[in-house]
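Peer 1: Coordinates for the following, if possible.
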Amino acid sequence: MSQTAPETALERLEAIRERMARAAGRIAGGGKAELVAVSKTFSPEAIEEVIVAGQRRFGENRVQEAQGKWPALRQKYPDLVLHLIGPLQTNKAREAVALFDVIESLDRERLARVLAAEMEKQDRRLPCFVQVNIGAEPQKAGVAIDQTPDFVALCQNTYGLDVVGLMCIPPIDQPPGPYFAQLAGLAERSGLQKLSMGMSADFETAILMGATQVRVGSALFGAR
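Peer 2: The predicted structure follows:
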């Protein structure tokens, strides 16, 4: 008999956390990854179900969409942490710095410069992840692999940004493990401790490769 899929937000959240714990248990010394619930395109009502179930860290792709949903939710639940995981246009930097707590898609010098200026103006020093184009795919954003250590140093030393880790989205049609392993090695060479990698289809593999946070949407919220 096939197992029924979890029906409630709490059941889905618990199932994902259990899978994360099992994957972490396979790592020598144990590993720990945070769950970032990817709530893009989902309504405030659907998001609130997941908040009530106990999730506090969320990711959104677009500044404008997030502005329409999160201020009211954050007023009601002030302990939420909001990640920007999608591409950021420089003309949205002011709004992004005001609304989000973590920027995961730092991918070019102009954006670094604008973010640094906005954080100074708003007196908000947000942790940032550098997005790496780990599969060297022309249609994807991200810093080239061979340029990543120098770009991290530029962001930290020239612009004073708090770069804490690397983020990637591997090619969809290839096994993700080698790309996750490559990002982990790149983070180590860049002196960074955090790795944002792994989504609904591959977050367990990402944890095995050292992810410190995984970005899960459809497995938690259902199909978009």
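Peer 1: so where is the chain shaky, pLDDT-wise?
Peer 2: For the chain, the stretches with pLDDT under 70 are 1-6, 29-30.
Peer 1: Please enumerate the helices of it.
Peer 2: 9-25, 44-52, 63-76, 93-99, 109-122, 148-153, 177-189, 203-208, 218-221 (DSSP state H).
Peer 1: Would you mind telling me which of these is nearest Ala136?
Peer 2: With respect to Ala136, and counting by CB to CB, the nearest of the helices of the chain is helix 177-189 at 10.3 Å. Every residue, glycine included, has its C-beta placed from N, CA and C.
Peer 1: Now that closest one - C-alpha only, CSV.
Peer 2: Extracted C-alpha coordinates of helix 177-189, given in CSV (Å, rounded to 0.1, in the frame of the first residue of the first chain):
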residue,chain,number,x,y,z
GLY,A,177,26.1,16.2,-6.2
PRO,A,178,29.2,17.2,-8.1
TYR,A,179,28.1,20.8,-8.3
PHE,A,180,27.3,20.9,-4.6
ALA,A,181,30.7,19.5,-3.8
GLN,A,182,32.3,22.0,-6.1
LEU,A,183,30.5,24.9,-4.4
ALA,A,184,31.7,23.5,-1.0
GLY,A,185,35.3,23.5,-2.1
LEU,A,186,34.9,27.0,-3.5
ALA,A,187,33.5,28.3,-0.2
GLU,A,188,36.4,26.8,1.6
ARG,A,189,38.9,28.5,-0.7
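Peer 1: Return the most buried member of the helices of the chain.
Peer 2: Looking across the helices of the chain with neighbours counted as mean count of other CB atoms under 10 Å, the highest average goes to helix 203-208: a mean of 23.
Peer 1: elements contacting that one?
Peer 2: With contacts defined as 3 or more CB pairs under 8 Å, 6 or more residues apart in numbering; DSSP states H and E, the packing partners of helix 203-208 are helix 9-25, helix 177-189, strand 213-216.
Peer 1: Out of the helices of the chain, which gets nearest to Gly135?
Peer 2: Within these, the stretch nearest Gly135 is helix 177-189; the backing value is 6.2 Å (CB to CB).
Peer 1: centre of the chain versus the closest one, how much separation?
Peer 2: When distances are taken as CA atoms, centre = their mean, to the nearest Å, helix 177-189 is centred 16 Å away from the chain's centroid.
Peer 1: what does it rub up against?
Peer 2: The set of residues that contact helix 177-189 without belonging to it, under CB atoms under 8 Å, 6 or more residues apart in numbering, is 132, 134-135, 145, 148-149, 165-166, 168, 170-171, 193-195, 197-198, 205-206, 208-211.
Peer 1: In strands, which of these fall?
Peer 2: When the contacts of helix 177-189 are checked against strands using DSSP state E, the ones located there are 132, 165-166, 168, 194-195.
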